[in-house]
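> My questions concern the predicted model and sequence given below.
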Amino acid sequence: MSTIWFLLILLCLLMYVVLDGYDLGIGIATLVEPDASHRHEMLEQVAQAWDGNETWLVLLGVSLWAGFPTAFGTILPHAYLPVIVMLFALIVRGVSVELASQAPPAPRWERAFGIASLIAALAQGVAASTLIGAIGWFSALVAVTVGCGYLALGYAYAQWKTTGELRARAAHRGRVSTVLASIAAVACLLAAPPNLHTPARLIAFAGLLLFAVAGVVMSMITSPYDGLPLAGLVTAVVALVIALVVARYPLLASPDLTIAKTAAPSGTLTFLAVGIGLNVPLILFYNWFAHHAFRGKAPANHLANGRTGATQ
C-alpha cells in the first residue's frame with residue numbers, strides 16, 4: 001500500500017511540475033517581454049487555468065504529510081524558508097494575475113505577477129535541493145535549472161497558443177531556454193551524481209535519460225505543429241523526474257528514510273486513498289475542462305475585452 005501511495009505522490013508531483021511549470025514559466029517570460037500587449041496576452045493564457053494547476057501542489061503536500069508523516073517531518077524543517085517564500089510568492093501571483101486580467105492595463109500587477117512567478121520557481125528549486133543536502137551552492141544550481149525549465153515550458157505553451165510575432169518570439173526564446181535548462185540539468189547531475197547500485201537500476205536510469213534527451217531534441221525541431229515543442233518538453237521533464245526517482249528509490253529523504261520506514265499505518269493509507277483518490281479524477285477533469293474550454297489559438301482581438309475564450 002505504501003508503494004501505491006508513493007506513486008500517487010509521484011503523479012501529483014508530475015502534474016504540478018508540468019501544469020504549473022508552464023504558467024510559472026509564462027510569468028517569468030513576461031519580465032523580459034517589451035511589448036505590453038504581448039505581456040497581457042501571455043498573462044491571459046495563465047489566467048484561464050492557473051488555479052486548477054496549483055491544486056496539484058495542495059494535493060501533493062497533503063499526500064506527503066498524511067502518507068509519509070516521518071519523511072514530511074524530516075524534510076520540511078530543512079526547507080522551511082524556501083517553502084514559505086514560495087507560498088507567499090504564489091499568493092502574490094494569484095492576486096496579481098486576477099487583478100491584471102480583470103482590469104487591464106495594469107502594468108504594476110503584471111510586473112508583480114512576473115516577479116512572483118520567478119521567486120516561486122527559484123524557491124521550488126531550492127526546496128527540491130534540500131532532499132539531497134543542506135542549502136548551499138547546489139541549491140542555487142537547482143534553482144536555476146528549475147527556473148530555466150519552467151521558462152522553456154512557458155515559451156513552448158505560448159508558442160502553441162498564440163499567433164504572429166508573439167508566437168515567433170516564443171519559439172525562438174523557447175529554444176534558447178531549452179538549451180540553458182539542459183545545460184543546467186547536466187550540471188546538476190554532474191554535481192550530485194546518482195548512486196546506482198544495480199545494473200537494472202543503471203539501465204532504467206540511462207533509458208529514462210535517453211527519453212529526456214529525445215524530448216529535448218523533439219522540442220527543438222521546427223514543425224508546422226506548434227504543440228510539438230511542448231510535447232517534447234513534457235516528455236523530457238517526466239522522464240527526468242522519473243529517472244531521479246529510480247535513482248533514489250526507495251529513499252524519500254537522506255540518509256535512510258525509506259518508503260517502508262516512513263509510511264503511515266496501512267489502515268490510514270487505505271482510508272486516505274479513498275478520500276484523496278476520489279479527488280484525483282475531479283482535478284484531472286477540471287484541468288481537462290479548463291484547457292478544453294480555451295483550446296486553440298488565442299484570437300488577436302481578445303485583449304480588448306479582458307479574459308475570453310480561445311478560438312475553436
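Received, thanks.
> got a list of what Ile26 touches?
Met42, Leu43, Gln45, Val46, Ser117, Gly154, Tyr155, Tyr157, Ala158 (Cβ atoms under 8 Å, 6 or more residues apart in numbering). (Glycine included, C-beta is placed from N, CA and C.)
> among these, which are in helices?
When helices are assigned by DSSP state H, the members of the contacts of Ile26 inside them are Met42, Leu43, Gln45, Val46, Ser117, Gly154, Tyr155, Tyr157, Ala158.
> Which members of those residues are classed as buried?
Met42, Leu43, Gln45, Val46, Ser117, Gly154, Tyr155, Tyr157, Ala158 (16 or more other Cβ atoms under 10 Å).
> of all those, which two lie farthest apart?
For those, with distances taken as Cβ to Cβ, the pair at the greatest spread is Leu43 and Tyr155 (14.4 Å).
> how about the strands in the stretch 201-312 of the chain?
Applying DSSP state E, counting those that start in this stretch to the stretch 201-312 of the chain gives strands spanning 251-253, 257-258.
> average pLDDT across the first one?
Which is strand 251-253. Regarding strand 251-253, the rounded mean pLDDT is 69.
> Can you point out the buried residues in stretch 82-91?
Within stretch 82-91, the residues scored as buried using 16+ other Cβ under 10 Å are Pro82, Val83, Val85, Met86, Ala89, Leu90.
> Need the pLDDT of the closest residue in space to Val217 that isn't next to it in sequence.
Once flanking residues are discounted, Val217 sits nearest to Gly232: 7.2 Å by Cβ to Cβ, 6 or more residues apart in numbering. Note on Gly232: pLDDT of 95.
> With Pro193 instead?
Note for Pro193: predicted pLDDT of 82.
> And Gln312, by the same measure?
At Gln312, pLDDT is 31.
> Where does pLDDT dip in this protein?
134, 252-255, 299-312 (pLDDT under 70).
> Helices along that one, start to end?
Using DSSP H, helices in the chain cover 2-30, 36-47, 50-67, 69-102, 107-129, 137-161, 164-191, 199-220, 228-248, 259-262, 266-293.
> just those: most buried one?
Highest mean neighbour count of those: helix 137-161, a mean of 25 (counted as mean count of other Cβ atoms under 10 Å).
> Between helix 36-47 and it, find me the angle.
100 degrees (axes from the mean of the first three to the mean of the last three Cα atoms, to 10 degrees).
> what about helix 137-161, distance to the chain center?
8 Å (Cα atoms, centre = their mean, to the nearest Å).
> any idea which residue of the chain is furthest from its center?
The outermost residue of the chain, judged against the average C-alpha position, is Gly267 (31.6 Å), by Cα atoms, centre = their mean.
> Now do the contacts for it.
Per Cβ under 8 Å, 6+ apart, neighbours of Gly267: none.
> Repeat that for Gly25.
Gly25 touches Ser117, Ala121, Gly149, Tyr150, Leu151, Ala152, Leu153, Gly154, Tyr155, Tyr157, Ser177, counting by Cβ under 8 Å, 6+ apart.
> Make CSV out of these and add distance to Ser63.
Rendered in CSV, the data for the contacts of Gly25 read as follows (distance: Cβ to Cβ, whole Å):
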residue, distance to Ser63
Ser117, 24
Ala121, 22
Gly149, 23
Tyr150, 22
Leu151, 27
Ala152, 27
Leu153, 23
Gly154, 26
Tyr155, 30
Tyr157, 26
Ser177, 30
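> of the residues you listed, closest to Ile259?
Proximity of the contacts of Gly25 to Ile259 (Cβ to Cβ) peaks at Gly149, which lies at 26.0 Å.
> is it true that the closest one touches Ala181?
Yes. Using Cβ atoms under 8 Å as the test, Gly149 is close enough to Ala181 to be in contact (4.3 Å).
> Return the distance of Ala263 relative to Phe68.
Counting by Cβ to Cβ, to the nearest Å, the separation of Ala263 from Phe68 is 6 Å.
> on that earlier part again, I'd like the distance between the residue farthest from the centre of the chain and Lys297.
50 Å.
> ok so, going back, have a look at Ala263 and Phe68 and say which one is more surrounded.
Shown here are Ala263 and Phe68; by other Cβ atoms under 10 Å, Phe68 has more neighbours (26 against 21).
> so what's that one up against?
With contacts defined as Cβ under 8 Å, 6+ apart, Phe68 is in contact with Ser2, Trp5, Phe6, Ile9, Leu252, Ile259, Thr262, Ala263, Ala264.
> Redo the residues you listed as CSV? Include distance to Val213.
Below are the contacts of Phe68 laid out as CSV (distance: Cβ to Cβ, whole Å):
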residue, distance to Val213
Ser2, 32
Trp5, 31
Phe6, 26
Ile9, 26
Leu252, 27
Ile259, 28
Thr262, 33
Ala263, 34
Ala264, 37
